[in-house]
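> just to be clear, the model below is a prediction. Sequence and coordinates:
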Amino acid sequence: MPFINLVKIAIRPTHVSYRRTFCAVYQFGLLRCIGQYFRVVQSGFVTILSRVLISSLLCATLLPAASYKVVKSIPVPGEGFWDYLTADSENRRLYVSHGTEVAVLDLDSGKLLGKIPNTNGVHGIAVANDLHRGFVSDGRDSQVTIFDLKTLAVISTVKAGTNPDGIVYDPFSQRVFAFNGRSKDMTAIEGATGKLAGTVLLGGKPEFPVTDAQGNVYVNIEDKSEIVHFDPKTLTIKNRWALAPCDSPSGLAMDAKNQRLFPVCDNKMMAVVDAGSGKIITTVPIGEGPDAAGFDPEKKLVFSSNGEDGTLTVVQQESPDKYTVAQNVKTQRSARTMAIDLKTHKIYLSAAEFGPAPAPSADNPRPRPKVLPGSFKLLVVSE
């Protein structure tokens, strides 16, 4: 494909009008990669001095701005609070934590397929398609429930640390890792047998984990504002990286190909971290109250679900080291966790309506407001 040294693009009307048009387009996420090439303006023409592929230039001018919106809501029966949800794009299922059970929905129809009961205080769901098993972190029971992916039948339970929260399956080691919030450690479980493989102290309260499926697992340490990086086979901690100025990280996503981590933090900030060195490459502003993050490798978009202000921040990955906010989608207050269907590129968020908080008591000085019965639902966000 030939290179070009000089391209002249006719513009009308004047130089001033063009600059206004260009700035408006730039604001909405178009033509960012071309801005650096503008050098000379003469007689109603812009002269672009650069050696670029003409096809790349033309493609860049046609990239659409992000235009996500809530397109649908799906009511989910049951009562109680919720935490994470997991999309199994391969098997077209969506696993939704809800109170004392996991609701399982068809990703294509939105219909309820079944439930995994007795998962008290459920936080997260991990899927191991190669083992035909799923794993649920049961916070109140301090255990992990193992279930059959096809039938949803419970296979067994495994004792974890105190209050397991985030959970991830690592195909490289074929192990499941449950991250225990109160005991501040990690429980490793052999995925195929359900046997305990070990426990590792983390030195702080863990939140969400990710794996690159190549021998590296990462987890946010919320109360230390750190990321811990460990070997899933030897269970050895390799690195502990400070995230400042990103404070109190919760959600975490990863671009495994480019080795970039995306923790989202309480101070309305997403950090971009080099997964090899721990270096913070840049930070990006997000909404208030994030609790989950996601990465769509085909769209090259990073997402942060923000429950306090009811937004979904959409961040464009222009290169492994350059990121800009493309959109802040209005969702619903309380929509703090999310999952991405990588086949349809739809985003699913759990949300509900709340009533007033009960009066404080000696046993519960800071009571949480109660979820209004029948208000729990999934918001579906799409272009």
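Looks like it came in fine. Numbers count the residues shown, from 1 in each chain.

> who's in contact with D309?
Residues counted as contacts of D309 (C-beta atoms under 8 Å, 6 or more residues apart in numbering) are G287, E288, G289, R333. For glycine as for every other residue, the C-beta is placed from the backbone atoms N, C-alpha and C.

> kindly tell me how buried K322 is, as a neighbour count.
K322 is flanked by 13 other residues according to other C-beta atoms under 10 Å.

> for the remainder of this discussion, apply numbering that starts at 33.
Sure, I'll start counting at 33 from here, so that last one is K354.

> test my guess that it contacts V304.
No. Counting by C-beta atoms under 8 Å, K354 does not reach V304; the two are 9.1 Å apart.

> shared neighbours, the two?
With C-beta under 8 Å, 6+ apart as the test, K354 and V304 both reach T314.

> any of the contacts of D341 buried? List them.
Using 16 or more other C-beta atoms under 10 Å as the burial test, the contacts of D341 include G319, G321, R365 as buried.

> would you convert the residues you listed into JSON lines that also reports distance to H377 and secondary structure?
Formatted as JSON lines, the buried ones among the contacts of D341 follow (distance: C-beta to C-beta, whole Å; DSSP: H, G, I helix; E, B strand; the rest coil):
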{"residue": "G319", "distance to H377": "20", "secondary structure": "coil"}
{"residue": "G321", "distance to H377": "24", "secondary structure": "coil"}
{"residue": "R365", "distance to H377": "24", "secondary structure": "coil"}
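
> would a markdown table of these with pLDDT and distance to F408 be doable?
Listed next are those as a markdown table, based on pLDDT from 0 to 100; distance: C-beta to C-beta, whole Å:
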| residue | pLDDT | distance to F408 |
| --- | --- | --- |
| G319 | 98 | 21 |
| G321 | 97 | 18 |
| R365 | 96 | 14 |
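
> quick check, nearest of those to D255?
G321 (17.1 Å; C-beta to C-beta).

> am I right that the closest one is in contact with R368?
Yes. Counting by C-beta under 8 Å, G321 does reach R368; the two are 6.0 Å apart.

> got any residues that touch both of those two?
N338, G339, E340.

> can I get those in a markdown table with distance to V103, neighbour count and pLDDT?
Below are those laid out as a markdown table (distance: C-beta to C-beta, whole Å; neighbours: other C-beta atoms under 10 Å; pLDDT from 0 to 100):
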| residue | distance to V103 | neighbour count | pLDDT |
| --- | --- | --- | --- |
| N338 | 19 | 26 | 98 |
| G339 | 20 | 23 | 97 |
| E340 | 23 | 15 | 96 |
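
> domains in this structure, by residue range?
35-93, 101-414 (automatic domain parsing).

> just to revisit the earlier point, from the buried ones among the contacts of D341, pick the one nearest K147.
Using C-beta to C-beta, those come closest to K147 at R365, 26.5 Å.

> quick check: that closest one vs H130, distance?
According to C-beta to C-beta, to the nearest Å, R365 stands 18 Å off from H130.

> same deal with P352?
P352 is 36 Å from H130, by C-beta to C-beta.

> show me where the stretch 183-332 of the chain has its strands.
Per DSSP state E, counting those that start in this stretch, the stretch 183-332 of the chain carries strands over the ranges 186-191, 196-202, 207-212, 217-222, 228-233, 238-243, 249-253, 258-262, 269-274, 281-287, 292-297, 301-306, 312-317, 322-328.

> so the fifth one versus strand 258-262, what angle?
Per axes from the mean of the first three to the mean of the last three C-alpha atoms, to 10 degrees, the angle that strand 228-233 makes with strand 258-262 is 140 degrees.

> what residue ranges in the protein are flagged as low confidence?
33-97 (pLDDT under 70).

> which stretches of it form helices?
Remark: helices assigned in the chain by DSSP state H are 47-59, 86-93.

> before we move on, back to that, for G406, find the nearest of the strands of the stretch 183-332 of the chain.
strand 322-328 (23.0 Å).

> quick one on the thing from earlier: now tabulate the shared contacts of G321 and R368 in JSON lines and tack on distance to K216.
Shown next, in JSON lines, are the shared contacts of G321 and R368 (distance: C-beta to C-beta, whole Å):
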{"residue": "N338", "distance to K216": "26"}
{"residue": "G339", "distance to K216": "24"}
{"residue": "E340", "distance to K216": "25"}
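
> what's the closest non-adjacent residue to P238?
F211 (3.7 Å; C-beta to C-beta, 6 or more residues apart in numbering).

> how close does that neighbour sit to E239?
Distance of F211 to E239, given as C-beta to C-beta: 7 Å.

> tell me which of the domains of the chain sits most buried.
Highest mean neighbour count of these: domain 101-414, a mean of 19 (counted as mean count of other C-beta atoms under 10 Å).

> ends of that one, what's the gap?
Terminal residues of domain 101-414 are spaced 6 Å apart (C-alpha to C-alpha, to the nearest Å).

> quick one: it to chain centroid distance?
Distance of domain 101-414 from the chain centroid (C-alpha atoms, centre = their mean, to the nearest Å) equals 7 Å.

> among the strands of the stretch 183-332 of the chain, which is nearest F113?
Of all these, strand 322-328 comes closest under C-beta to C-beta, at 12.2 Å.

> and the closest one, what other elements does it pack with?
strand 281-287, strand 292-297, strand 333-338, strand 369-373 (3 or more C-beta pairs under 8 Å, 6 or more residues apart in numbering; DSSP states H and E).

> now render these as JSON lines, adding distance to L126.
JSON lines is the format used below for the helices and strands packed on strand 322-328 (distance: least, C-beta to C-beta, whole Å):
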{"stretch": "strand 281-287", "distance to L126": "17"}
{"stretch": "strand 292-297", "distance to L126": "21"}
{"stretch": "strand 333-338", "distance to L126": "15"}
{"stretch": "strand 369-373", "distance to L126": "7"}
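
> please name the bridge partners of P322.
N338 (DSSP bridges).

> do you know how far it is from V347?
12 Å.

> repeat for L411
As for L411, its distance to V347 is 19 Å (criterion: C-beta to C-beta).

> quick one: the strands in the stretch 33-182 of the chain?
Using DSSP E, counting those that start in this stretch, strands in the stretch 33-182 of the chain cover 35-42, 70-74, 77-85, 101-107, 117-120, 125-130, 133-138, 144-148, 154-160, 165-170, 175-180.
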